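K.L.:
Sequence isn't available, so here's the structure alone:
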């Protein structure tokens, strides 16, 4: 469903100084049903994990393709304190920093939960594992097509280099007020 509603792909970007930190292609999915399904997975994980974070607003769904050699080095999707909350800008420049928005409903919010949903079958690629860094331990996540991983957006994580084939995933972030 996500692939049917894709806009044109573009190189994946990293909102930082090191452009080599990420090698991928991304596209934005505008399908409301896809957004609804992905958002429901995040809300369910928020309850089931016992996080009970105050979340309220999903961003647009991003579909990412990692070709051979593609990767995304260790990063965080957000900081969640008051210094990271979004402020409104009228004429944003691309790429938009995480603390700016041109959407009034996002003002004052920060990313709190991240979702990665594997769209590729495990025989279609090698490498490309999602790796989460939690309490000084690395957790390597591989999964079948359709498997989802939800984690707090401040968790350090990476996508290991794809050694062959193509890895496709869907990514979504849900925002809420800064953590106090």
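P.N.:
That came in fine, so what should we check first? The model shown is predicted, which means the values in this text are computed figures rather than measured ones.

K.L.:
Please count neighbours and contacts with C-alpha atoms only from this point.
P.N.:
Fine.

K.L.:
And the residue lying closest to residue 74 once chain neighbours are set aside, how far from residue 123?
P.N.:
The shortest distance from residue 74 to any residue that is not its chain neighbour, by Cα to Cα, 6 or more residues apart in numbering, is 4.4 Å, and that residue is residue 158. From residue 158 over to residue 123 the distance is 21 Å, taken as Cα to Cα, to the nearest Å.

K.L.:
Looking at these two, which one has more neighbours?
P.N.:
Neighbours were counted for residue 158 and for residue 123 using other Cα atoms under 10 Å; residue 158 has more, 21 against 10.

K.L.:
contacting residues for that one?
P.N.:
When contacts are counted by Cα atoms under 8 Å, 6 or more residues apart in numbering, residue 158 touches 71, 72, 73, 74, 75, 130, 131, 132.

K.L.:
Kindly recompute the last result at 6 Å.
P.N.:
Each residue near residue 158 by Cα atoms under 6 Å, 6 or more residues apart in numbering is listed here: 72, 73, 74, 130, 131.

K.L.:
go on, residue 161?
P.N.:
Residue 161 is in contact with 69, 70, 71, 127, 128, counting by Cα under 6 Å, 6+ apart.

K.L.:
mind running it again at 8 Å?
P.N.:
The neighbourhood of residue 161, defined by Cα under 8 Å, 6+ apart, consists of 68, 69, 70, 71, 72, 127, 128, 129.

K.L.:
can you check residue 159 too?
P.N.:
For residue 159, the contacting residues are 71, 72, 73, 74, 128, 129, 130, 131, taking Cα under 8 Å, 6+ apart as the criterion.

K.L.:
where's residue 117, which helix or strand?
P.N.:
Applying DSSP states H and E as the criterion places residue 117 in strand 110-118.

K.L.:
what about this protein, any weak spots by pLDDT?
P.N.:
Low-confidence regions of the chain, defined here as pLDDT under 70, cover residues 1-11, 13-19.

K.L.:
And the helices in it, which stretches?
P.N.:
Under the criterion DSSP state H, helices of the chain are mapped to 32-48.

K.L.:
before we move on, the earlier item: okay, the contacts of residue 161 in TSV with distance to residue 136 and neighbour count next?
P.N.:
Formatted as TSV, the contacts of residue 161 follow (distance: Cα to Cα, whole Å; neighbours: other Cα atoms under 10 Å):
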residue	distance to residue 136	neighbour count
68	29	19
69	26	16
70	25	22
71	21	25
72	19	21
127	22	20
128	21	26
129	18	18
